[in-house]
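In: Can you look at this prediction? I've put the sequence above it.
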Amino acid sequence: MLVAAAVCPCPPLLVPEVAAGAAPELDAARTACADALGVLAAARPNLLIVIGPADEEGRGPHPAGARGSFHGFGVDLDVRLGAGGPQERPLPPSLAVGAWLLGRTGWDDAVEGLGVGEPLEGERCVTAGRGLGARAERVALLVMGDGSACRSLKAPGYLDERAAAFDRQAARALGAADVEGLKALDESLAYELKVAGRAPWQVLAGAAEGAGLGGQLLYEDAPYGVGYFVAAWS
């Protein structure tokens, strides 16, 4: 059963070594992520699953010990997802950021990852989440994902006037632990707005059905024209 969840953004810029001189711009987001992970630790889960968007190569389960790197971003930094033997398949970037966040807390036990295809249909996301929630007596999720990438003229997806409203809807649902609100996110619109978090958030919705969790929005901003949210559910 799901006992806690933390929702965090997944840009590699969250890692200070990657952001370099721009690192201070996301200090508030990093602090909020640390607070959200503190909620996970307080819940004392038997199993922690890190979920994040992934391309075809990174989709599916990633066992404990899976490794990722930020070499592709010009940084000689490697991360590992919990304790375990070396794994051949590397973590997708979103899960590498999640592993970096967990590494800051010293979390090393009973953790694994799941890469989710961004186009995955909402109902399949919810079904997958239900399965995750039944994996152990006390399950926690670290859900990585960004909002729209169209919040400004310099955003990766340029400016789209629909983006701010979509992000407000997502932020409200994440902050209120609103399962139905997350299920109701428009898949087609999310795709058009380059939302990387829609599928992982809907997996969370499936896992949280019947869990009776409350939520708190710890951070909401769009510093690079991309919606970033941090929320804690418990």
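Out: The structure has been received and is ready for your questions. Residues are numbered from 1 along each chain as shown.

In: name the helices or strands packed onto the host helix or strand of A29?
Out: Assigning secondary structure by DSSP states H and E places A29 in helix 27-43. In terms of contacts (3 or more CB pairs under 8 Å, 6 or more residues apart in numbering; DSSP states H and E), helix 27-43 is packed against strand 2-8, helix 93-105, strand 139-144, strand 215-221, strand 228-233. In short, each C-beta sits where N, CA and C put it, glycine included.

In: what's the closest of these to A165?
Out: A165 sits nearest to strand 215-221 of all the helices and strands packed on helix 27-43, at 13.8 Å, using CB to CB.

In: what's the angle between that closest one and strand 228-233?
Out: Counting by axes from the mean of the first three to the mean of the last three CA atoms, to 10 degrees, strand 215-221 lies at 170 degrees to strand 228-233.

In: packing partners for strand 215-221?
Out: Judged by 3+ CB pairs under 8 Å, 6+ apart, the packing partners of strand 215-221 are helix 27-43, helix 163-176, strand 228-233.

In: who touches the shortest one?
Out: For strand 228-233, the external contacting residues (CB atoms under 8 Å, 6 or more residues apart in numbering) are 4-9, 11, 26, 29, 32-33, 35-36, 39, 146-147, 167, 170-171, 174-175, 177, 197, 204, 208, 213-222.

In: ok so, going back, got the helices and strands packed on strand 215-221 as a markdown table, with mean neighbour count columns?
Out: Conversion of the helices and strands packed on strand 215-221 to a markdown table gives the following (neighbours: other CB atoms under 10 Å):
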| stretch | mean neighbour count |
| --- | --- |
| helix 27-43 | 19 |
| helix 163-176 | 20 |
| strand 228-233 | 27 |
